[in-house]
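Enquirer: this one's sequence-less:
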């Protein structure tokens, strides 16, 4: 309400009151709206490039190169095994495992969600292991889905922090259950 010159109160026109109320609500609701993160496509491209490197380095037996794709505090959680905690643990495991035979990975990124310097990748995998004469396990083919948490380090490099594959192949003796 406003005051007229004679000291009496004058009512604002209804249209002005409604538009003021509408503007106030719009600003309040707009202020509560979630701010969207940047377009995930550039990060997805980097992740897909890192996955292509990983595929090459697994196949070539280059555990040292493979380890550079992961953070110092990585947790890689292979199916049916204890987690590999830390980059040195991951490097040691894969250096040994690559000596058992030939590994081939195929990684397909299905989705990437980003927030600041963190990204989550969801995808599918296919892995083939052809055991050599000293392999402690038989040759195997596995496939499944995975989730990887990526983090952009201070130097701008995106590295895997948590790597969790989930096999869709039933363990031996449990087929069809």
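Expert: Received, thanks. Since we're looking at a predicted model, the values are computed, not measured. Numbers count the residues shown, from 1 in each chain.
Enquirer: how close does the spatially most central residue of the chain sit to residue 76?
Expert: With distances taken as C-alpha atoms, centre = their mean, residue 120 lies nearest the centre of the chain, 2.0 Å away. Per C-beta to C-beta, to the nearest Å, residue 120 is found 16 Å from residue 76. All C-beta spots, glycine's among them, are computed from the backbone N, C-alpha and C.
Enquirer: Can you pull out the low-pLDDT segments for this protein?
Expert: 1-37, 174-177 (pLDDT under 70).
Enquirer: residue ranges for the helices of the protein, please.
Expert: Secondary structure of the chain, counting by DSSP state H: helices at 14-32, 41-60, 63-67, 87-98.
Enquirer: and the longest one, what other elements does it pack with?
Expert: In other words, helix 41-60. The contact analysis (3 or more C-beta pairs under 8 Å, 6 or more residues apart in numbering; DSSP states H and E) places helix 41-60 against helix 63-67, strand 101-115, strand 118-131, strand 140-152, strand 158-167.
Enquirer: I'd like those written out as JSON lines, with distance to residue 56 added.
Expert: Listed next are these as JSON lines, based on distance: least, C-beta to C-beta, whole Å:
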{"stretch": "helix 63-67", "distance to residue 56": "8"}
{"stretch": "strand 101-115", "distance to residue 56": "10"}
{"stretch": "strand 118-131", "distance to residue 56": "14"}
{"stretch": "strand 140-152", "distance to residue 56": "17"}
{"stretch": "strand 158-167", "distance to residue 56": "16"}
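Enquirer: Residue 84: which of these is closest?
Expert: Proximity of the helices and strands packed on helix 41-60 to residue 84 was assessed by C-beta to C-beta; the nearest stretch is strand 158-167, lying at 8.6 Å.
Enquirer: what's the distance between the closest one and the middle of its chain?
Expert: Its chain's average C-alpha position is 7 Å from that of strand 158-167, according to C-alpha atoms, centre = their mean, to the nearest Å.
Enquirer: now stretch 101-110
Expert: Distance of stretch 101-110 from its chain centroid, counting by C-alpha atoms, centre = their mean, is 17 Å.
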